[in-house]
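Student: The following block contains a protein sequence and its predicted model.
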Amino acid sequence: SSLEPAVVLEKIASRAMQLLAATSSAVFLVDPDRTAMRAITALGELEHELKAEALMLGRGIIGTLAQEARAEFVNDTNRDPRTILISGTQPVNNESLMAAPLFRGDEVTGMMAVWRTGHPFDNADLNFLVGLSRQAGIALENARLFDENKRQRQYYEAIVQNSPVAIVTMNEASSVVSWNPGAEQLFGYKRDEAIGLKIDDMVAAIPELRSEAEEYYGKAMTDELHVITRRTRKDRSIVDVELSALPLQLQDGRRGAVAIYHDITELQHARREAVAANEAKSSFLATMSHEIRTPMNAVIGMSGLLLDTELSREQRDYAETIRNSGDALLGIINDILDFSKIEAGKMELESQPFDLRECVESALDLVAARAVEKNLDLAYLIDDDVPAGVKGDVTRLRQILLNLLSNAVKFTEKGEVVLTVRQDKDRGLLLFAVRDTGIGILHNRMDRLFTSFSQADSSTTRRYGGTGLGLAISKRLAEMMGGGMWVDS
């Protein structure tokens with residue numbers, strides 16, 4: 001290649017030798033450890049000796065000039081105290097030496113030197129050599145950049161050729177420019193078949209995919225693209241792919257794009273099976289909840305009627321146990337039913353105006369009896385700027401508040417439970433907070449608090465009961481209302 005350093009520098013050294021009527025010329029490059037220089041090219045009478053010699057930086061005329069980063073001519077080397085004979089040579093009368101540094105930025109990367117006898121050098125000669133040394137420095141830098149670019153290109157080509165995913169480059173007209181073995185395996189076209197063909201004629205060969213593929217390619221010409229989609233193989237079978245694409249400048253300077261196709265057929269199949277299984281689970285839970293709730297309503301209703309009759313103390317105690325247990329079981333069933341609806345995406349929220357204070361008070365009324373039994377103070381505080389009337393699903397909001405209040409009362413043995421409501425005007429939200437003086441939650445257990453069928457501590461279930469669904473449902477309902485839920489302890 002004409003950009004090989006030795007070839008380029010030999011041409012420059014030959015030009016210097018010819019135009020300066022020199023007997024020898026050479027270009028030296030500094031070693032990586034920057035202690036010595038070696039001739040990358042040498043011409044003339046001293047060719048072999050110069051190529052065999054390593055010049056130490058700071059020693060000899062050339063080594064000293066390299067260390068000082070300057071150019072100079074010496075018209076009688078025998079009289080210069082810096083002179084060191086090159087191995088294998090003898091002193092020459094009236095020998096003149098001229099040398100100039102090669103630079104990359106401010107760093108000396110080498111030296112250019114010429115020798116001649118019988119005719120001294122002058123400043124015009126030195127200026128000419130300095131000009132040639134600059135050309136040599138530029139040529140070296142260009143060669144270095146070319147070599148680095150070549151190595152990078154070979155490196156990336158090796159990655160592309162050995163990548164298990166399909167990697168394809170296309171020009172502006174969407175014709176295939178490169179087609180790696182991964183693309184051959186995924187789509188079934190050999191490289192020789194694919195090169196030059198329109199990419200969408202091969203991998204989007206059915207009408208329902210064609211317009212989408214053309215739209216995606218248009219976007220990839222100007223910006224990055226990442227989508228989950230489908231493409232066709234050579235046999236017209238469909239494959240699920242994760243497609244990443246971005247604009248690219250081709251080697252000929254024209255615009256193009258590179259596309260990476262990752263076969264996710266098995267992942268998509270597994271996802272569809274998981275979704276189907278989840279839907280089946282949710283459907284089963286909903287069906288079972290309905291089937292259990294129907295006779296449970298009868299148990300609760302009949303136990304309520306039984307309590308309205310004349311009973312002995314023992315019989316009333318039995319009937320109240322049946323009624324309370326039925327209410328508890330119905331609550332669990334309702335939680336499971338709500339959870340299954342949310343999981344199946346079938347939970348629908350109403351949007352009707354309602355009285356906020358009445359909603360808050362009705363939730364408090366439902367836990368008041370239990371709070372009185374435990375001698376707990378129960379209170380609420382609504383800021384003055386909170387609107388009296390709001391629009392939303394009052395039933396689901398009451399369900400959330402009731403769940404939070406019930407938990408607060410359940411886990412508080414003494415003290416108080418306080419519900420506060422304030423307005424976040426900047427975000428257009430109402431902030432509900434339930435504060436209690438209960439047992440609290442360890443920081444390393446908080447991540448389990450909103451997990452379905454989970455409680456912060458297994459001992460909590462044994463002591464207080466519960467399914468671990470209430471907070472998970474409440475959080476999902478809050479998110480469906482455009483809000484969120486978190487905990488501080």
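Tutor: Now that the structure is in, tell me what you want to look at.

Student: Would you mind pulling up the elements that the helix or strand residue 11 falls within packs against?
Tutor: Residue 11 belongs to helix 5-19 when assigned by DSSP states H and E. In terms of contacts (3 or more C-beta pairs under 8 Å, 6 or more residues apart in numbering; DSSP states H and E), helix 5-19 is packed against strand 24-30, strand 36-44, strand 107-117, helix 123-162. All C-beta atoms are positioned from the backbone trio N, CA, C, and that covers glycine.

Student: Give me the angle between the following helix or strand past the last one and helix 123-162.
Tutor: So that's helix 123-162. Going down the chain from helix 123-162, the next helix or strand is strand 166-171, by DSSP H and E. Strand 166-171 and helix 123-162 meet at an angle of 130 degrees, taking axes from the mean of the first three to the mean of the last three C-alpha atoms, to 10 degrees as the criterion.

Student: Determine which of the helices and strands packed on helix 5-19 approaches residue 58 most closely.
Tutor: The closest of these to residue 58 is strand 36-44. By C-beta to C-beta, the value is 10.1 Å.

Student: Highest mean neighbour count out of the helices and strands packed on helix 5-19?
Tutor: strand 24-30 (a mean of 25; mean count of other C-beta atoms under 10 Å).

Student: List of residues touching that strand?
Tutor: 5, 9, 12-14, 16-17, 36-47, 50, 55, 57, 62, 66, 102, 108-115, 136, 140 (C-beta atoms under 8 Å, 6 or more residues apart in numbering).

Student: Can you dump the C-alpha atoms of it in PDB for me?
Tutor: Extracted C-alpha coordinates of strand 24-30, given in PDB (Å, rounded to 0.1, in the frame of the first residue of the first chain):
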ATOM      1  CA  SER A  24      23.400   9.200   2.100                       C
ATOM      2  CA  SER A  25      19.900   9.800   3.700                       C
ATOM      3  CA  ALA A  26      17.900   8.200   6.400                       C
ATOM      4  CA  VAL A  27      14.700   8.500   8.400                       C
ATOM      5  CA  PHE A  28      14.900   7.300  12.000                       C
ATOM      6  CA  LEU A  29      11.800   6.600  14.200                       C
ATOM      7  CA  VAL A  30      11.900   6.800  18.000                       C
END
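
Student: quick one: strands adjacent to it?
Tutor: strand 36-44 (antiparallel), strand 107-117 (antiparallel) (DSSP bridges).

Student: what secondary structure does residue 431 sit in?
Tutor: strand (DSSP: H, G, I helix; E, B strand; the rest coil).

Student: Next up, the contacts around it.
Tutor: 421, 422, 423, 424.

Student: Please identify which of the helices and strands packed on helix 5-19 is closest to residue 365.
Tutor: helix 123-162 (68.3 Å).

Student: Could you list every helix and strand in contact with that closest one?
Tutor: helix 5-19, strand 72-74, strand 95-104, strand 107-117.

Student: tell me the angle the third one makes with strand 24-30.
Tutor: Taking the same axes, to 10 degrees, one finds strand 95-104 and strand 24-30 inclined to each other by 40 degrees.

Student: and the end-to-end length of stretch 54-64?
Tutor: 14 Å (C-alpha to C-alpha, to the nearest Å).

Student: So in terms of bridging, what pairs with residue 260?
Tutor: Beta-bridge partners for residue 260, by DSSP bridges, are residue 167, residue 244.

Student: quick one: residue 248 and residue 258 touch, right?
Tutor: Yes - with contact defined as C-beta atoms under 8 Å, residue 248 reaches residue 258; the gap is 4.7 Å.

Student: shared neighbours, those two?
Tutor: Counting by C-beta under 8 Å, 6+ apart, the shared contacts of residue 248 and residue 258 are residue 169.

Student: Next SSE downstream of the worst-scoring helix or strand of the chain on mean pLDDT?
Tutor: The weakest-scoring helix or strand in the chain, judged by mean pLDDT, DSSP states H and E, is helix 458-464 (a mean of 47). Later in the chain than helix 458-464, the nearest helix or strand by DSSP H and E is helix 470-480.

Student: List the contacts of that following helix.
Tutor: For helix 470-480, contacts defined as C-beta under 8 Å, 6+ apart pick out 335, 338-339, 342, 347, 349, 396, 399-400, 403-404, 406-407, 449-454, 484-485.
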